[in-house]
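[1] Structural data only, the sequence is not supplied:
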């Protein structure tokens, strides 16, 4: 858990570093949620061998969804969000509540880590949102991490 949290908290610095490349090579920019997932997956590979991307969840409210990453041996699910003008505090909170309701039914989900990448500062009160959502819900330890915080 501490390793994952450290990777996530340093993610913004890694993303910034990849924009500054030698010899005028094209930058690796994080434009959307898929870019966040790709870079986070690469960083997690430094520490974990069995990373299962896009594992299906059990059916909930008539449908299934895919979790971003499952660390099966550790019983940890990682969900990734990237803010944008249409995805701010309220929308993030609503999506995470839906994710928690889905993921707690997965037999390998004992801990859910929700990484909200907010490079443009769309979350007005990141500490409050983390505090409000980071708790045990439905028998799953939920840890919300918003990074970076503010500008």
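    Now that the structure is in, tell me what you want to look at. Because the structure is predicted, anything quoted here is derived from the model rather than measured.
[2] With adjacent residues omitted, what lies nearest to residue 43?
    Excluding the flanking residues, the one nearest residue 43 by CB to CB, 6 or more residues apart in numbering is residue 7, at 5.0 Å. For glycine as for every other residue, the C-beta is placed from the backbone atoms N, C-alpha and C.
[3] Provide a list of residues in contact with that neighbour.
    The contact partners of residue 7, taken as CB atoms under 8 Å, 6 or more residues apart in numbering, are 40, 43-44, 46-47.
[4] That one and residue 121, how far apart?
    Going from residue 7 to residue 121 by CB to CB, to the nearest Å gives 21 Å.
[5] what stretches of the chain score poorly on pLDDT?
    For the chain, the stretches with pLDDT under 70 are 55-65, 151.
[6] now the helices: where do they sit in it?
    In the chain, the helices defined using DSSP state H lie at 2-19, 33-44, 89-103, 126-133.
[7] Save the ones you listed as a markdown table, and put in distance to residue 150 too.
    Shown next, in a markdown table, are these (distance: least, CB to CB, whole Å):
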| stretch | distance to residue 150 |
| --- | --- |
| helix 2-19 | 11 |
| helix 33-44 | 18 |
| helix 89-103 | 14 |
| helix 126-133 | 7 |
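[8] Any idea which of the ones you listed gets closest to residue 148?
    helix 2-19 (4.3 Å; CB to CB).
[9] Sort out which residues of that closest one are buried, please.
    Neighbour-count burial for helix 2-19, counted by 16 or more other CB atoms under 10 Å, picks out 4, 7-8, 11-12, 15.
[10] out of these, who's nearest residue 139?
    Using CB to CB, these come closest to residue 139 at residue 4, 19.8 Å.
[11] list the contacts for that closest one?
    Contacts of residue 4 by CB under 8 Å, 6+ apart are 44, 47, 71, 76, 78, 113.
[12] Counting neighbours, which bits of stretch 81-99 end up buried?
    Buried residues in stretch 81-99, counted by 16+ other CB under 10 Å: 81-83, 87, 89, 92-93, 96, 99.
[13] List the buried residues of stretch 100-113.
    100, 102-104, 106, 108-109, 111-113.
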